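next input, structure requested:
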Amino acid sequence: MIQVINNFKLAAGTVIEHMTEAPFMLVLLMLRRLPSSVIGPAATTVARVAPGSAKPLFLLASHASGDTGGLVKRFENAVAQTITPSQARRASEVALAADQPKWADIFLRHAAGTRQAPATRARRKWYDGDMTGAVEALTGQSAGMARQRKRLESELRVFQGWRPVLPKMISVPQPRRVMHLLTNSVPHTGSGYARRTHSILTSQQKSGWEALAVTRLGYPVQIGALTARNSDVVDGVHYQRLLPSTMAKSMDGRLQQQADELLKVALSFKPAVLHTTTHFVNGLVAREVASSLDIPWVYEVRGQLADTWASTRGDEARRSERYRLFMEREAEVMRSADLVVTLGEAMKRNIVASGVSASKILICPNAIGGSYLNEPLQRSAARLALGLDPEGLYIGTVSSLVDYEGIDDLVTAFALLAPRLSKLKLVVVGDGAAAPALQDQVRRLGLLERTHFAGRVPPQQAHLYHQALDIFVVPRKDLAVTRAVTPLKPVEALASGRPVVASDLDALREIVHDGVNGRLVAAQDPQALAESLFELLDDEGLRLRLGAAGRREVLATRTWKANADLCGKAYETLRGN
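Numbers count the residues shown, from 1 in each chain. Next comes the predicted model:
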């Protein structure tokens with residue numbers, strides 16, 4: 001009961017902070033935590049109540065329903081109606097929350113002189129990555145804007161090189177114990193990140209290492225798990241939570257608080273190695289705890305989060321202060337780690353380019369284990385288990401539904417193929433910010449009855465969806481982040497004996513070998529994607545051969561057990577553990 005009370009205090013503090021500084025963003029974040037199958041129809045209903053209104057409720061409803069065109073129309077109406085400066089400021093806030101910076105600029109010009117305009121102007125600069133400019137926009141302001149300035153100054157300090165401070169401690173490391181610091185984890189998060197972590201931890205324990213996972217300060221309460229306990233045990237893996245009743249108000253304060261708490265856990269557990277993952281704030285904390293205990297530490301680079309941030313903002317974002325500082329901090333953390341683990345050769349090249357010696361980089365690719373090692377079901381059996389038509393032709397994907405995954409190009413390719421293949425159906429498994437827009441796209445194309453949006457599903461069901469498909473598709477956009485980061489889902493599809501058609505990008509070439517286990521097509525070219533899919537859909541024998549080859553290769557080269565063995569050997573070389 002005490003833990004639940006603390007959780008509610010923690011959640012209340014988070015909500016109050018967001019309501020004070022960015023209420024519209026808070027609303028969108030809360031909506032995104034709910035299934036798109038619920039939010040999309042509800043938001044569409046709300047938007048229809050007042051189709052011409054520019055009030056925040058209806059602007060947010062248009063955005064949440066995926067109707068970007070409708071949102072822009074409302075913005076146009078608002079400008080034509082010469083709204084008041086206060087209304088313009090609120091519209092600017094909604095535009096920022098909806099990733100419409102040009103409209104935010106238009107409304108900001110109309111909002112000049114309003115009391116809260118400096119706060120909105122600061123958020124606009126922060127959106128662009130002008131961190132110093134955002135702080136300067138709030139200089140001299142009072143009350144809530146002064147608190148906003150202090151928070152932004154704190155984050156800027158972290159990006160400029162701040163680090164936690166911990167005393168030197170005497171501790172005797174216990175052999176073959178590894179402690180992981182994580183951003184999130186099962187059972188509260190089902191992302192590829194969480195599932196990769198859980199697979200690594202279970203495999204490490206099976207290989208003779210005692211593993212303890214510790215999640216970031218405030219998680220999972222901050223994502224809405226108000227009844228979370230201070231620990232979970234999943235498949236024999238112990239996840240420790242850091243859940244104080246209050247958290248520091250500043251970013252550097254919270255990281256210091258996290259470092260203090262992590263050190264307490266480490267003093268009790270006595271790990272021989274500390275292992276953490278991107279992004280760099282995890283590295284800042286892990287590095288100081290490892291230094292305090294005089295043990296080696298490992299930094300696992302699973303993504304390029306600076307590029308992920310920039311991918312939604314255009315090329316100019318890569319020239320921003322935030323991007324530059326983000327890349328500098330990542331490089332600094334990687335160089336200071338005793339070992340850097342990453343997913344593939346493309347990412348390794350980027351890491352070496354940032355000044356890290358190739359000799360201390362270990363590749364542990366995305367892999368498979370558990371039920372994926374078993375012989376996959378026949379497509380018809382998997383479809384029956386999922387309630388799908390066993391006689392259809394199915395293309396689709398299992399993915400986070402975000403813009404850079406390119407699912408909109410898959411939908412366009414499906415629309416090109418649908419008239420030629422009457423049995424063809426599209427399956428999209430997953431959820432995310434792009435889900436409402438994708439559902440709206442399918443609806444406008446008249447393909448809703450031939451498309452199955454499954455939403456978020458548990459791992460066991462995701463496995464069935466892999467087996468139900470004729471072809472698994474990875475239509476990623478051509479961006480810096482997608483050229484470097486190798487995803488997990490196509491590896492699981494190959495293990496399920498299904499051919500993969502993917503965008504021809506460096507990271508995906510490490511998984512998909514054209515003509516061997518699938519096809520590679522030009523990124524962002526729905527016509528080329530459609531033609532490649534048609535070739536495979538028209539030749540069942542070819543699909544079966546490619547799928548079988550893919551499964552053989554994955555079983556031989558990409559298992560979590562093999563990765564655990566690699567990591568274990570690397571840990572032992574760090575300090576004779």
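
name the helix or strand of this structure that has the lowest mean pLDDT.
Here the helix or strand of the chain ranked lowest by mean pLDDT, DSSP states H and E is helix 23-32, holding a mean of 67.

report the distance from the following helix or strand past that one to the chain centre.
Next along the chain after helix 23-32, taking DSSP states H and E as the criterion, comes helix 36-49. Helix 36-49 sits 24 Å away from the centroid of its parent chain (Cα atoms, centre = their mean, to the nearest Å).

average pLDDT for helix 36-49?
The average of the pLDDT scores along helix 36-49 is 81.

may I see the buried residues of it?
By 16 or more other Cβ atoms under 10 Å, the buried positions in helix 36-49 come out as 36, 37, 39, 40, 43, 44, 46, 47. For every residue, glycine as well, the C-beta is placed using N, CA and C.

next structured bit after that helix?
That would be, after helix 36-49 and using DSSP H and E, helix 56-64.

output the contacting helices and strands for whichever helix or strand comes after that following helix.
Using DSSP H and E, the next helix or strand after helix 56-64 towards the C-terminus is helix 68-80. When contacts are defined as 3 or more Cβ pairs under 8 Å, 6 or more residues apart in numbering; DSSP states H and E, helix 68-80 sits against helix 56-64, helix 85-97, helix 101-110.

CA atoms of helix 68-80 as PDB?
C-alpha atoms of helix 68-80 as PDB (Å, rounded to 0.1, in the frame of the first residue of the first chain):
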ATOM      1  CA  THR A  68      -3.700  15.800 -41.100                       C
ATOM      2  CA  GLY A  69      -5.600  17.500 -44.000                       C
ATOM      3  CA  GLY A  70      -8.500  18.300 -41.600                       C
ATOM      4  CA  LEU A  71      -6.100  19.700 -39.000                       C
ATOM      5  CA  VAL A  72      -4.500  22.000 -41.600                       C
ATOM      6  CA  LYS A  73      -7.900  23.100 -42.800                       C
ATOM      7  CA  ARG A  74      -8.800  24.100 -39.200                       C
ATOM      8  CA  PHE A  75      -5.500  26.100 -39.000                       C
ATOM      9  CA  GLU A  76      -6.400  27.800 -42.300                       C
ATOM     10  CA  ASN A  77      -9.800  28.700 -41.000                       C
ATOM     11  CA  ALA A  78      -8.400  30.000 -37.800                       C
ATOM     12  CA  VAL A  79      -6.100  32.400 -39.600                       C
ATOM     13  CA  ALA A  80      -9.000  33.500 -41.900                       C
END
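
what distance separates that helix from the centre of its chain?
30 Å.

that helix to helix 56-64, inter-axis angle?
If you take axes from the mean of the first three to the mean of the last three Cα atoms, to 10 degrees, helix 68-80 sits at 150 degrees to helix 56-64.

could you pull out the helices for the stretch 351-500 of the chain?
For the stretch 351-500 of the chain, the helices defined by DSSP state H, counting those that start in this stretch cover 379-386, 407-417, 435-444, 459-468, 480-484, 489-495.

sorry, wrong one. I was asking about the stretch 101-250 of the chain.
Under DSSP H, counting those that start in this stretch, the stretch 101-250 of the chain gives helices at 101-110, 117-128, 131-137, 143-159, 192-206.

mind putting those helices into CSV with mean pLDDT and distance to residue 365?
Formatted as CSV, these follow (pLDDT from 0 to 100; distance: least, Cβ to Cβ, whole Å):
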stretch, mean pLDDT, distance to residue 365
helix 101-110, 95, 37
helix 117-128, 96, 34
helix 131-137, 97, 35
helix 143-159, 93, 30
helix 192-206, 95, 10
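
could I get those helices as CSV with distance to residue 441?
Shown next, in CSV, are the helices of the stretch 101-250 of the chain (distance: least, Cβ to Cβ, whole Å):
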stretch, distance to residue 441
helix 101-110, 21
helix 117-128, 25
helix 131-137, 34
helix 143-159, 35
helix 192-206, 24
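
how distant is the top strand by length along the chain from the center of its chain?
For the chain, the longest strand by residue count, based on DSSP state E, is strand 210-217. Centre-to-centre, strand 210-217 and its host chain are 19 Å apart (Cα atoms, centre = their mean).

what's the pLDDT at residue 426?
We have a pLDDT of 98 for residue 426.

oh sorry, the question was meant for residue 13
Looking at residue 13, its pLDDT stands at 68.

quick one: residue 319 and residue 96, what's the gap?
20 Å (Cβ to Cβ, to the nearest Å).

ok, now residue 223?
Taken as Cβ to Cβ, the span from residue 223 to residue 96 is 22 Å.

looking at those two, which is more packed in?
Neighbour totals were compared for residue 223 and residue 96, and residue 96 leads with 23 against 15 (other Cβ atoms under 10 Å).

which residue packs closest to that one, ignoring adjacent ones?
Among residues not flanking residue 96 along the chain, residue 104 sits closest, at 4.7 Å (Cβ to Cβ, 6 or more residues apart in numbering).

burial of that neighbour, as a residue count?
A count of neighbours around residue 104, defined by other Cβ under 10 Å, yields 24.

which residues sit in contact with it?
When contacts are counted by Cβ atoms under 8 Å, 6 or more residues apart in numbering, residue 104 touches 92, 93, 95, 96, 120, 124, 127.

list the buried residues for stretch 507-515?
Residues of stretch 507-515 classed as buried under the neighbour-count rule (16+ other Cβ under 10 Å) are 507, 508, 509, 510, 511, 512, 513.

try stretch 151-160
For stretch 151-160, burial by neighbour count (16+ other Cβ under 10 Å) applies to 151, 152, 153, 154, 155, 156, 158, 159.

how about stretch 329-343?
329-334, 337-343.

can you tell me what sits against the helix or strand harbouring residue 508?
Taking DSSP H and E as the definition, residue 508 sits inside helix 506-509. Contacts of helix 506-509 with the rest of the structure, by Cβ under 8 Å, 6+ apart, involve 344, 346-347, 474, 476, 482-487, 490, 502, 520.

tell me which of these is nearest to residue 165?
Taking Cβ to Cβ as the measure, residue 347 is the one of the contacts of helix 506-509 closest to residue 165, at 31.2 Å.

mind checking how far the closest one is from residue 81?
Shown here: residue 347 relative to residue 81, a distance of 50 Å by Cβ to Cβ.

between the two, who's got more neighbours?
Neighbours per residue (other Cβ under 10 Å) separate residue 347 from residue 81, with residue 347 holding more: 25 against 12.

the nearest residue to that one once chain neighbours are set aside: what's it in contact with?
Leaving aside its chain neighbours, residue 347 sits nearest to residue 484 (5.2 Å; criterion: Cβ to Cβ, 6+ apart). Residue 484 makes contact with 304, 307, 346, 347, 350, 506, 507, according to Cβ under 8 Å, 6+ apart.

for those residues, give me CSV that also has secondary structure and pLDDT.
Shown next, in CSV, are the contacts of residue 484 (DSSP: H, G, I helix; E, B strand; the rest coil; pLDDT from 0 to 100):
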residue, secondary structure, pLDDT
304, coil, 91
307, helix, 95
346, helix, 96
347, helix, 97
350, helix, 96
506, helix, 97
507, helix, 97
